[in-house]
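J.: okay, here's the prediction I keep looking at, along with the sequence it came from:
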Amino acid sequence: MVICTHPVSEFASGKRPKEPQPLKESQEESPRQPLKQPPEEVERKPAPDPESGPRLNWLFVDMNSYFASVEQDARPELRGRPVAVVPMMADTTCCIAASYEAKAHGVKTGTIVGDAKQMCPGLVLVEARHELYVDYHHRIVEAVESCLPVAAVLSIDEMACRLMGRERPLLAALELGRQVKRRILERVGPVIRSSVGLATNRYLAKVASDMEKPDGLVALTADILPEALRQLTLRDLPGIGARTEKRLNEKGIRTMEELLALNCEQAGQVWGSVWGERLWHWLQGEDFDLSETEHLKSLSHQHVLAPEMRTLERAWAVAHKLLHKAGLRLRAGGLWTSSIGLSIGFMAPRGENPPANRPSGQGLSVHLSGQKSLAGSPKQPETLANRFGAPRRRWKGELRLSECQDDQTLVAALSRLWASRPTGAGFEHPYFIGVHLNGLVADRLHTLNLFDGSEDGQSRARLQVAVDALNNKYGLSTLAPATMLTAFKAAPMRIAFRGIPELF
Ligand SMILES: [Mg+2]
């Protein structure tokens with residue numbers, strides 16, 4: 001059923017609706033006036049001009065309860081049942097996705113499994129199958145692309161499409177939104193539901209896609225924008241998490257009304273960064289391309305190791321694999337990194353006092369082939385207690401690099417970091433590994449170093465392009481340095497939720 005307080009004829013006549021509301025399409029029954037007119041009424045009124053009405057620039061697709069829906073699609077016996085997807089079968093871990101049936105009982109992403117079982121008797125726990133979610137992701141992208149090109153994949157379950165020409169008028173855009181949702185159901189699976197948002201910029205299109213779940217279709221047109229945004233809370237805006245909300249509250253901004261009352265300069269001051277001004281422009285509905293100045297500043301992959309993976313050898317294998325993925329993303333994004341970080345969390349036996357921290361490799365300075373002198377700053381491990389009171393230690397090392405993007409240099413740097421980790425009793429059971437590439441620089445801003453122009457540097461770059469092309473086409477570990485391939489055997493496939501899964 002379509003909900004709309006703007007009868008189509010009002011758009012056709014150019015009349016402004018009295019009480020602007022976001023245009024929503026929902027399966028829920030609604031008392032509001034439907035957008036689709038009964039046939040007899042349609043005959044009496046002139047057909048609406050599809051070119052009339054406000055224009056939109058972006059269509060945003062967000063899958064609903066993605067991992068859980070994929071499981072319900074792949075295993076029909078789970079349909080209609082409360083399902084939680086978990087990284088491993090343990091009460092102490094947390095749910096990484098919940099089906100709508102489980103959400104009805106309050107189970108959501110992040111709920112501790114033990115709590116979820118109590119909240120929702122009959123909850124079916126399913127161990128995550130990331131390869132399957134990536135496979136569905138590719139099929140979803142294909143289904144969307146059968147309607148219109150995907151401009152950006154934002155995560156495994158989110159993508160944005162730019163509307164062009166005849167797709168931009170409201171009625172055409174809404175029809176395209178319906179078509180996208182239908183195509184996903186037809187081509188991917190009958191329980192793979194999505195919410196589609198339409199707006200004048202990508203940011204607002206994402207906001208719109210969040211306004212109605214599951215199975216939503218919401219258009220935030222420029223004319224209804226201020227009114228529609230006022231109905232939201234600060235936390236409904238992407239980029240405003242608990243910390244930002246607290247900071248805004250401290251500055252007297254508690255509601256959307258108060259946020260929207262700021263002018264551009266004030267928004268900049270409240271945020272204390274360019275983000276505030278940017279958000280202000282987005283909330284006005286302005287569409288501008290950030291690609292010239294905006295690129296990822298850092299990227300990281302991290303992984304919590306399953307109990308059987310908590311050995312040094314296997315953790316090293318996982319670190320390798322995470323680096324390989326990060327390298328692929330780096331190069332696919334046309335980026336260069338100027339720093340690499342490795343973080344490791346170590347389990348400490350319960351009931352034992354953590355051993356004294358072992359400083360290691362401080363002020364590390366190493367030289368890598370083809371690179372200038374590197375300075376490193378591995379930190380002392382910190383001892384903390386996790387939420388269950390078990391002692392654990394975290395260590396992070398970082399190396400500055402001259403801008404690079406090839407696996408050979410990155411693996412060498414990672415090996416140096418690994419070698420500088422704390423060792424000995426209390427540092428033998430890693431449970432967490434993170435690989436971070438920081439200080440990313442876009443291709444066009446990349447400073448050529450002495451070696452880029454050398455024959456060796458150029459052939460290394462050509463080799464890397466060929467390797468990436470094969471890996472992108474045939475799978476992550478089709479071709480990789482020998483050390484990585486050995487490592488892959490010990491590391492299971494896992495993907496970061498915010499990753500760019502088309503690479504895998
Ligand atoms: Mg989603």
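T.: Received the coordinates, thanks.
J.: tell me the SS of residue 342?
T.: strand (DSSP: H, G, I helix; E, B strand; the rest coil).
J.: and the spatially closest residue to it that is not a sequence neighbour, what helix or strand is that in?
T.: Once flanking residues are discounted, residue 342 sits nearest to residue 417: 4.1 Å by C-beta to C-beta, 6 or more residues apart in numbering. In this view, the C-beta of every residue, glycine as well, is placed from N, C-alpha and C. Taking DSSP states H and E as the criterion, residue 417 maps to helix 407-419.
J.: name the helices or strands packed onto that helix?
T.: On a contact count with 3 or more C-beta pairs under 8 Å, 6 or more residues apart in numbering; DSSP states H and E, helix 407-419 meets helix 312-332, strand 335-347, strand 391-404, helix 455-474, helix 482-490.
J.: quick check: next helix or strand after it?
T.: Next element after helix 407-419 (DSSP H and E): strand 430-438.
J.: what is the mean pLDDT for that next one?
T.: Model confidence over strand 430-438, given as mean pLDDT, is 90.
J.: please apply the same query to stretch 109-129.
T.: On average, stretch 109-129 scores 94.
J.: quick check, it touching the ion?
T.: No - Stretch 109-129 is not in contact with the ion by C-beta under 5 Å from the ion; minimum separation 9.7 Å.
J.: in that stretch, what's buried?
T.: 109, 111, 113, 116-117, 120, 123-126, 128 (16 or more other C-beta atoms under 10 Å).
J.: likewise stretch 185-198?
T.: So stretch 185-198, judged by 16+ other C-beta under 10 Å, has buried residues 185, 188-189, 191-198.
J.: go on, stretch 311-320?
T.: 314-320.
J.: again, but for stretch 81-93
T.: 82-87, 93.
J.: can you list contacts of the helix or strand containing residue 246?
T.: Using DSSP H and E, residue 246 maps to helix 242-250. Helix 242-250 is contacted from outside by 234-235, 240, 254, 259, 270, using C-beta atoms under 8 Å, 6 or more residues apart in numbering.
J.: one more: stretch 226-238?
T.: Contacts for stretch 226-238 (C-beta under 8 Å, 6+ apart): 19-22, 203, 206-207, 210-211, 220, 240-242, 245, 248, 253-257, 259-260, 279, 283.
J.: what residues sit buried inside it?
T.: 228-229, 232, 234, 237.
J.: quote the end-to-end distance of it.
T.: Using C-alpha to C-alpha, to the nearest Å, one end of stretch 226-238 lies 17 Å from the other.
J.: residue numbers of this structure in contact with the ion?
T.: Looking at the ion, the residues of the chain close enough under C-beta under 5 Å from the ion are 62-63, 157.
J.: residue ranges with poor pLDDT in the protein?
T.: 1-51, 289-295, 349-391, 444-458, 471-504 (pLDDT under 70).
J.: tabulate the buried residues of stretch 81-93 (JSON lines), appending distance to residue 436 and secondary structure.
T.: Formatted as JSON lines, these follow (distance: C-beta to C-beta, whole Å; DSSP: H, G, I helix; E, B strand; the rest coil):
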{"residue": "82", "distance to residue 436": "36", "secondary structure": "coil"}
{"residue": "83", "distance to residue 436": "33", "secondary structure": "strand"}
{"residue": "84", "distance to residue 436": "29", "secondary structure": "strand"}
{"residue": "85", "distance to residue 436": "26", "secondary structure": "strand"}
{"residue": "86", "distance to residue 436": "26", "secondary structure": "strand"}
{"residue": "87", "distance to residue 436": "20", "secondary structure": "coil"}
{"residue": "93", "distance to residue 436": "23", "secondary structure": "coil"}
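J.: having no further points to raise, I will conclude here.
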